[in-house]
Each structure stands twice: as C-alpha cells, then as structure tokens.
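Asker: here are the coordinates; sequence isn't available:
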C-alpha cells in the first residue's frame with residue numbers, strides 16, 4: 001500500500017513534468033529559458049526516483065519533496081520560506097501578539113541566525129539578548145543552515161520550559177550562553193509616558209493587528225492630558241516591524257497629507273501607494289523619532305515617512321535595512337508560502353533594502369552616560385546648611401519628580417537628547433519670536449526729523 005502511494009506521488013510528478021513539456025512546446029515561440037526549465041525538472045524527477053529507490057534507508061517521497069521546496073525557498077532570500085500548517089498557525093498567532101516563547105525577532109543575516117531585536121518586557125529582553133546577537137546553537141545543536149521557521153519552532157514552546165542559546169556577540173571574546181525560561185508573550189505594542197509635564201513619549205514595540213488603533217488612542221490620551229504639548233518622542237528602537245497596514249496607520253496618525261510609502265514588485269498587481277489623510281486629530285507639535293540597528297521593516301516605513309515629509313527628526317543610529325514586502329499565500333491542507341514579492345520605497349523614492357535609514361542626528365546609546373551628574377555630586381544652594389528655604393509649597397514634590405525623571409534618563413542618553421532638543425526647540429521659538437517682535441517694533445518707529453543748520 002505504501003509503495004503504491006509512493007509510486008502515485010512519483011507518477012504525479014512525472015505527469016506534471018509531461019504537462020509542462022507539452023505546454024512549452026505548444027508555444028511556437030519557445031525560449032531557451034523554457035527548455036532549460038524543462039531540463040531541470042527532468043533532472044529533479046530523475047534524482048527523486050534514484051534517491052527514493054536506492055538511498056540506504058527508506059525515505060518518504062513527501063519528505064524529499066518538502067526538502068526540495070525548502071531548499072528552493074532558501075535560495076531566494078532570508079525572508080521567503082515554505083510553512084507547514086503548524087508554522088503557518090504560529091505566524092498568525094504572532095501577529096495577534098500572544099504566544100509561548102522567549103520574545104525576540106530573528107532573521108537570517110549572511111547565512112547566520114541573527115537577532116533583529118529582543119521584544120521588551122520578555123524573557124529574552126530580561127536575559128540580556130541584544131540586537132545583532134548571532135544564535136549559533138539552540139539547546140546545544142548548531143543552527144547552521146537552519147531556516148527561520150525551523151528556528152521559530154525551536155525557540156517557541158510552553159510556558160516555564162527552558163531553552164539554551166549560544167550567542168556570538170561582537171563585543172564578546174568568546175560565545176555567551178543564555179538559559180531562558182519561556183513565557184506567554186503578551187506584547188503590548190504601544191506604551192506612553194509624559195516627561196516634564198509638556199513632552200509626550202510613545203513607545204511602539206511592534207506592529208500587530210491593533211497597533212494603529214492603540215497608537216491613535218495614545219496620541220489622543222496625551223493631547224487630552226497635556227494642555228500645552230511641546231513635543232512628542234516616538235520610540236521605534238528595537239522594533240522588529242510587523243504588519244504593513246499598521247505601519248501606514250501609525251504614519252497617518254502624525255501626517256495630514258503626503259505619500260507614506262510606495263510598494264513596487266515585478267508583478268503589476270504588487271504596485272501600490274499609501275497616502276496620509278487629514279483626520280483633524282494629528283498633533284502639530286515637533287516630533288523626534290528614536291531609531292537604532294534593531295529598528296526594522298514596518299518601523300523603517302514610519303521613520304522614512306516622517307523624515308521625508310519633514311514631519312519628524314530621526315535621532316539615534318542607522319536602522320536595520322529591511323525594505324522588502326512578504327506576501328503570505330495559503331496552500332492546500334493548511335500550509336502556506338511566505339514569499340518576497342515587492343520592495344517598499346519611502347516618499348522620496350528611497351529603497352532602504354540593505355541600506356537602512358540614516359538618522360538626522362546620530363547619537364549612539366551609551367550606558368549611564370550621565371552618572372557623573374547624579375544628585376549629590378553637584379552642590380547647590382539648597383544643599384548648604386542653614387540655607388533660606390523656598391517659599392513654594394510644592395518645591396519638595398517637584399524636586400522628587402524631577403529626580404525620578406533624571407534617574408530614569410541617566411541610563412538612556414538617546415531619549416534624554418530627544419527631550420533636551422524638544423525643550424530647546426521651545427526656547428528657540430520664544431527667542432526668535434522676541435527678536436522678530438523687536439525688529440518689527442524698530443521698523444514701525446518713526447525716524448527723528450532733523451534740519452540742516
């Protein structure tokens with residue numbers, strides 16, 4: 001019965017080959033490429049038949065064919081892959097933002113399994129996994145020639161189970177080993193905070209099904225709470241990307257008009273453009289976007305849209321550089337094909353594929369860059385014995401708040417720089433306005449009359 005099934009599969013392949021042959025030669029304009037394709041399919045069929053009959057151990061034709069498909073996809077690019085039904089289900093779970101795993105986005109970079117970015121508040125993030133880390137072993141087994149979906153399957157798993165990662169890191173002299181407890185990863189894609197009573201901070205960790213809606217609510221919430229909004233910091237650092245539609249929605253939340261992104265593929269139906277529309281709720285204050293080498297894909301679309309439309313200043317380090325679009329094509333019996341079908345371009349026509357987005361202001365992350373300015377290391381009037389106390393009742397409460405914010409920003413020099421720029425922005429506006437008023441007043445003052453004597 002088994003042999004009959006195997007022969008049936010091989011017969012089906014032979015039939016397919018024959019149909020392709022007939023189709024090719026029915027065309028009066030047969031190209032050399034068509035003939036080469038037929039030759040390659042014939043060779044594949046011969047090899048499949050030889051392996052199935054002569055390999056040292058019996059092997060299912062399904063296994064051989066699936067291996068051939070996976071090899072074909074691997075020859076394209078790191079993001080194109082064949083997904084079994086289980087893998088496809090994993091992908092759908094990921095976009096919903098809840099799954100069992102360690103919490104990191106991965107890719108194949110120069111044939112090595114590499115961390116794009118750890119997802120904050122997850123086991124991988126807390127363990128110290130960093131963007132750019134190369135995963136050379138999972139549970140002691142080499143990741144050489146592994147594809148993305150195989151890696152995902154190995155890294156995900158039930159809550160409270162362990163997985164051991166062996167990591168190569170540029171700054172480390174030898175491989176590092178991390179034992180990580182898996183957990184249910186419930187990704188909250190949007191978080192907010194208010195600094196200095198007038199500056200809104202929005203952190204977007206990834207782009208999932210509801211990210212656009214959550215971002216819209218976050219912007220509205222900040223505008224409601226802050227009477228005079230002096231600026232917004234949009235933090236896209238270590239954001240590995242996600243859904244294209246959500247990247248468009250997030251960009252649109254800050255833009256009243258203009259092109260957001262254009263998509264161009266070999267197939268005509270893959271050509272499309274997305275533009276912003278004026279909803280009347282977009283904030284009008286200055287925006288600074290924080291990026292780093294872990295900022296990828298959909299988060300690069302947002303960065304490029306705000307940069308090219310002159311709506312935001314990009315601050316940080318050069319982004320990851322993933323400028324391709326993957327289309328998921330469902331197949332029979334629950335399997336699917338994730339295929340790179342197009343590239344995306346920023347409003348000015350830039351393709352950031354393998355290039356990334358260059359910040360307007362380059363500032364590298366430095367740990368504890370401001371420790372030397374910690375409270376206690378600087379002497380002030382209030383520290384002197386017998387000083388005259390402030391007459392402001394809320395002085396002590398304000399000092400505590402400022403100290404808390406200062407302590408938090410000590411470990412994040414990029415965020416501190418962004419907030420300082422937004423504060424300076426307001427100062428420069430006032431100075432410029434005052435200077436303009438003086439010039440205007442000077443122009444409107446009548447000149448003293450004089451007579452020759």
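Answerer: In hand now; what should we look at? These numbers were taken from a predicted model, which means no experiment stands behind them.
Asker: distance check, the closest residue to residue 281 other than its chain neighbours against residue 110.
Answerer: With C-beta to C-beta, 6 or more residues apart in numbering as the criterion, residue 281 has its nearest non-adjacent residue at 6.6 Å, and that residue is residue 220. Heads up, the C-betas are built off the backbone N, CA and C, glycines and all. According to C-beta to C-beta, to the nearest Å, residue 220 stands 43 Å off from residue 110.
Asker: neighbour-wise, which of those two wins?
Answerer: Each of residue 220 and residue 110 has its neighbours counted (other C-beta atoms under 10 Å); residue 220 has more, 13 against 7.
Asker: name the element that one belongs to?
Answerer: Secondary structure from DSSP states H and E places residue 220 in helix 211-225.
Asker: tally of neighbours for residue 283?
Answerer: 18.
Asker: which parts of stretch 422-435 are buried?
Answerer: Under the neighbour-count criterion of 16 or more other C-beta atoms under 10 Å, stretch 422-435 has 422, 423, 426 buried.
Asker: hmm, I typed the wrong one, I wanted stretch 104-119.
Answerer: Those would be 104, 105, 106, 107, 108, 113, 114, 115, 116, 117, 118, 119, for stretch 104-119 by 16+ other C-beta under 10 Å.
Asker: now the terminal residues of it, how far apart.
Answerer: 5 Å (C-alpha to C-alpha, to the nearest Å).
Asker: same question for stretch 167-181.
Answerer: By C-alpha to C-alpha, one end of stretch 167-181 lies 16 Å from the other end.
Asker: average pLDDT for that stretch, rounded please.
Answerer: The average pLDDT for stretch 167-181 rounds to 95.
Asker: which parts of that stretch are buried?
Answerer: Of the residues in stretch 167-181, those buried (16+ other C-beta under 10 Å) are 167, 168, 169, 178, 180.
Asker: same thing with stretch 299-316?
Answerer: Buried-residue list, stretch 299-316, by 16+ other C-beta under 10 Å: 299-309, 311-316.
Asker: check what pLDDT the residue nearest to residue 281 gets.
Answerer: If you check residue 220, the pLDDT there is 95.
Asker: now do residue 89
Answerer: Confidence for residue 89, expressed as pLDDT, is 82.
Asker: excluding chain neighbours, what is closest to it?
Answerer: residue 334 (7.5 Å).
Asker: now do that neighbour: how many residues are near it, please.
Answerer: There are 13 residues near residue 334, going by other C-beta under 10 Å.
Asker: quick one, what contacts it?
Answerer: Contacts for residue 334 (C-beta atoms under 8 Å, 6 or more residues apart in numbering) come out as 84, 85, 88, 89.
Asker: ok, those residues vs residue 410, which is closest?
Answerer: residue 89 (43.5 Å; C-beta to C-beta).
Asker: which secondary structure state is assigned to the closest one?
Answerer: Assigned with DSSP: H, G, I helix; E, B strand; the rest coil, residue 89 falls in the helix class.
Asker: kindly report the same for residue 321.
Answerer: Strictly by three-state DSSP, residue 321 counts as coil.
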